[in-house]
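Colleague: I would like the atomic coordinates for the input below:
(4 chains)
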Number of protein chains: 2
Amino acid sequence: MNSPGTPQTPGGDRSSRSGGSTRSAGTTRPNEHAASGRGALNRDLIVSAAIEYVDEHGLAMLTMRRLGEHLGVEAMSLYRYVNGREDLLEEIVRRMVDGLHVDRARRELLAGPGWQAYLQWLAHAVRRLARQHPQLFPLIATRHPAAPWLRPPLRSLDVVEDFLATLVDRGFTMENAVMAYRAFTSYLLGYLLLEVSTISGRTVAEDSLTEVANSPPPSPIPLDDYPHIQRVETLLSQDHTDLEFELSLEDMLDRIERLLASDLT
Amino acid sequence: MNSPGTPQTPGGDRSSRSGGSTRSAGTTRPNEHAASGRGALNRDLIVSAAIEYVDEHGLAMLTMRRLGEHLGVEAMSLYRYVNGREDLLEEIVRRMVDGLHVDRARRELLAGPGWQAYLQWLAHAVRRLARQHPQLFPLIATRHPAAPWLRPPLRSLDVVEDFLATLVDRGFTMENAVMAYRAFTSYLLGYLLLEVSTISGRTVAEDSLTEVANSPPPSPIPLDDYPHIQRVETLLSQDHTDLEFELSLEDMLDRIERLLASDLT
DNA sequence: ACCTGAACACCGTTCAAGT
DNA sequence: ACCTGAACACCGTTCAAGT
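Modeller: Residues are numbered from 1 along each chain as shown, chains lettered A, B, ... in the order given. Reported below is the predicted structural model:
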């Protein structure tokens, strides 16, 4: 019966679009909500606690009731500030990705003058984010984008605006900026999703209560019948991830550059 | 109390590894389970029904109870054949990906003699799969791989074995085959995840009961403050997906080729 | 203004019991 | 051998009620 367009909750308006983005997301001083007294609940705090909780226990464990408990509050209280579980997940994603937005001046400093330097900086920032929150990155990657100009993992209007503005500043046509945006996002998405999913392997206990003596051999798949896999097993298990990222990123930038050149013919 | 290592269910052993892989997965004659009489329930049928159900209603709607209802059976009956919901999801993924495995002779015919032709063929096969089951592809993409040699979206031992064997046959060293495997999977994963997620936008009703007059304007995000996004809005909404896929795929193959060349120095 | 108790409809899963 | 009824623990969510 309640029209979902009007949240009626405080903090429902994209919390402080310009102010809050410089302090890196998810950094609520961790002691503060331990001493939760009376009206110490609000949207930002809930989202921070949720991120913390997922980092520690995994996404499947994030439950309105458990999150309430984690905050020392009944689950129903959360609904004052968050429009249900879906809204909470969406807000988590927004908060994490918005951390990538910095104002123009600071961006110039960080990234240097060229478009390659900017894309290098952005790619590394996204990678840092993914590796800091391996449980959350799949959420960023697969939640349905609200619009075609919010391609994962760059799911923030601010960040996409930065992206396009920077490239156009550096001489890209609109068409080329869009193609670069497409190439950049799909490269980053695929690479980081795979890197993160092989890393976070058994970082999380998943459900650490009942299954303790169960997982030590995660799954000793018998590789008879698969001679080639068997032969490269050790190769595949190694992670030369750092070097591989740099090289494939450079390749991707070269591809964009080639794209520009072919445009002048 | 029950040790989870011993499923005690029929079909628990990775159903007929050599026999069942040639008939393309997901092809249970669709009329058959309409006339479900007595013992007409089995693992394959359950998995097929689940795939059908997700294609139609979306992943979030797939529930043991609803799937039971869809099959004309009480939900509890499913537990004879499927080791819980997680096991069902895993089996769905396996069934879909196994459809990419064809025997060597047939593969030569389809793909031609070169490694490029094989990778072209495989890439298009995966893309076909992704577009046929847009609701399921994110599952393939993000479910935790059981081993590092099962990188999404190629989550099948048979398919990965095919991949490596074919490349080594064509003269790749093991190291290069593995690098190609890495590059191929992360390219395909990123590209297809983004293509599918922008396509399946509102293919599914999500929950078509209560919210009917709600979604027509999916989310008219106000784009003031975002001049560049606004200017490229129409560009970003277009889908030149087919051509883009071919071009970026060729680029990726070129990258592998360059990789081989640099190896000879 | 902010939180809670109680309730509703719905989950996944187990197990003794039916046929 | 195969399916079901009943039950358990746990969800998300609503709303009148407490403070």
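Colleague: what ranges does the stretch 101-250 of chain A have for its helices?
Modeller: A:104-111, A:115-132, A:137-142, A:157-169, A:174-199, A:227-237, A:241-263 (DSSP state H, counting those that start in this stretch).
Colleague: tell me which other helices or strands the shortest one touches.
Modeller: Packing partners of helix A:137-142 (3 or more CB pairs under 8 Å, 6 or more residues apart in numbering or on different chains; DSSP states H and E): helix A:85-98, helix A:115-132, helix A:174-199, helix B:137-142, helix B:174-199. Where you see a C-beta, it was placed from the backbone N, CA and C, and this is true even at glycine.
Colleague: mind running it again at 6 Å?
Modeller: Counting contacts by 3 or more CB pairs under 6 Å, 6 or more residues apart in numbering or on different chains; DSSP states H and E, helix A:137-142 is packed against helix A:174-199, helix B:137-142.
Colleague: near chain B at all, the helix or strand of chain A with the lowest mean pLDDT?
Modeller: Lowest on mean pLDDT, DSSP states H and E among the helices and strands of chain A sits helix A:104-111, with a mean of 78. No - Helix A:104-111 lies out of reach of chain B by CB under 6 Å from any CB of the partner chain, never closer than 12.4 Å.
Colleague: got the angle between that helix and helix A:157-169?
Modeller: Relative orientation of helix A:104-111 versus helix A:157-169 (axes from the mean of the first three to the mean of the last three CA atoms, to 10 degrees): 70 degrees.
Colleague: in PDB, list the C-alpha atoms belonging to helix A:104-111.
Modeller: C-alpha atoms of helix A:104-111 as PDB (Å, rounded to 0.1, in the frame of the first residue of the first chain):
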ATOM      1  CA  ARG A 104      38.900  17.200 -10.000                       C
ATOM      2  CA  ALA A 105      41.900  18.900  -8.500                       C
ATOM      3  CA  ARG A 106      42.900  16.000  -6.400                       C
ATOM      4  CA  ARG A 107      42.400  13.700  -9.300                       C
ATOM      5  CA  GLU A 108      44.800  15.600 -11.400                       C
ATOM      6  CA  LEU A 109      47.400  15.300  -8.700                       C
ATOM      7  CA  LEU A 110      46.900  11.600  -8.200                       C
ATOM      8  CA  ALA A 111      46.600  10.600 -11.800                       C
END
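Colleague: where does pLDDT dip in chain A?
Modeller: Chain A contains residues with pLDDT under 70 at A:1-39, A:201-220, A:263-265.
Colleague: mind running it again at 80?
Modeller: Counting by pLDDT under 80, the ranges of chain A that qualify are A:1-39, A:104, A:107-108, A:110-112, A:199-221, A:238-241, A:262-265.
Colleague: find the closest residue to DNA strand C in it.
Modeller: A:Glu74 (3.3 Å; CB to the nearest atom of the strand).
Colleague: I'd like the distance between the closest residue to A:Arg155 other than its chain neighbours and B:Arg65.
Modeller: Nearest residue to A:Arg155 in three dimensions, chain neighbours excluded: A:Val97, at 4.9 Å (CB to CB, 6 or more residues apart in numbering or on different chains). To B:Arg65, A:Val97 is 35 Å away according to CB to CB, to the nearest Å.
Colleague: over to A:Arg127?
Modeller: Note on A:Arg127: its distance to B:Arg65, by CB to CB, is 41 Å.
Colleague: so between those two, which is more surrounded?
Modeller: A:Arg127 (21 against 11; other CB atoms under 10 Å in any protein chain shown).
Colleague: A:Asp224 versus the residue lying closest to the more buried one once chain neighbours are set aside, what's the distance?
Modeller: The shortest distance from A:Arg127 to any non-neighbouring residue, by CB to CB, 6+ apart, is to A:Leu192 (6.0 Å). The spacing between A:Leu192 and A:Asp224, counted by CB to CB, is 33 Å.
Colleague: more neighbours: the two, which one.
Modeller: Per other CB under 10 Å, whichever of A:Leu192 and A:Asp224 has more neighbours is A:Leu192, with 25 against 6.
Colleague: so who does A:His124 touch?
Modeller: By CB atoms under 6 Å, 6 or more residues apart in numbering or on different chains, the contact list for A:His124 is empty.
Colleague: in the least confident helix or strand of chain A, which residues are buried?
Modeller: Neighbour counts over helix A:104-111 (16 or more other CB atoms under 10 Å in any protein chain shown) mark A:Arg107, A:Ala111 as buried.
Colleague: who does that helix touch, helix- and strand-wise?
Modeller: Using 3+ CB pairs under 6 Å, 6+ apart: helix A:104-111 touches helix A:115-132.
Colleague: angle of the helix it packs on against helix A:241-263?
Modeller: Per the same axes, to 10 degrees, the angle that helix A:115-132 makes with helix A:241-263 is 150 degrees.
Colleague: buried set for helix A:115-132?
Modeller: A:115-123, A:125-127, A:129-130, A:132.
Colleague: from those residues, which single one is nearest B:Val102?
Modeller: Ranked by distance to B:Val102 (CB to CB), those are led by A:Ala130 at 34.6 Å.
Colleague: pretty sure the closest one contacts A:Leu192?
Modeller: Yes - counting by CB atoms under 6 Å, A:Ala130 touches A:Leu192, with 4.5 Å between them.
Colleague: next, count neighbours for A:Pro134.
Modeller: Neighbour tally, A:Pro134, other CB under 10 Å: 21.
Colleague: check A:Met76 too.
Modeller: 10.
Colleague: residues in contact with stretch A:236-247?
Modeller: A:Glu195, B:Pro148, B:Trp149, B:Val178.
Colleague: thought the last one was touching A:Arg231?
Modeller: Pointing back at B:Val178 there. No - with contact defined as CB under 6 Å, B:Val178 does not reach A:Arg231; the gap is 10.0 Å.
Colleague: so what's the backbone phi/psi at the spatially closest residue to A:Asp162 that is not a sequence neighbour?
Modeller: Setting aside the residues directly before and after it, A:Asp162 is nearest to A:His101 in space (CB to CB, 6+ apart), at 6.1 Å. Backbone dihedrals for A:His101, given as degrees, to the nearest 10, come out at phi -90, psi 120.
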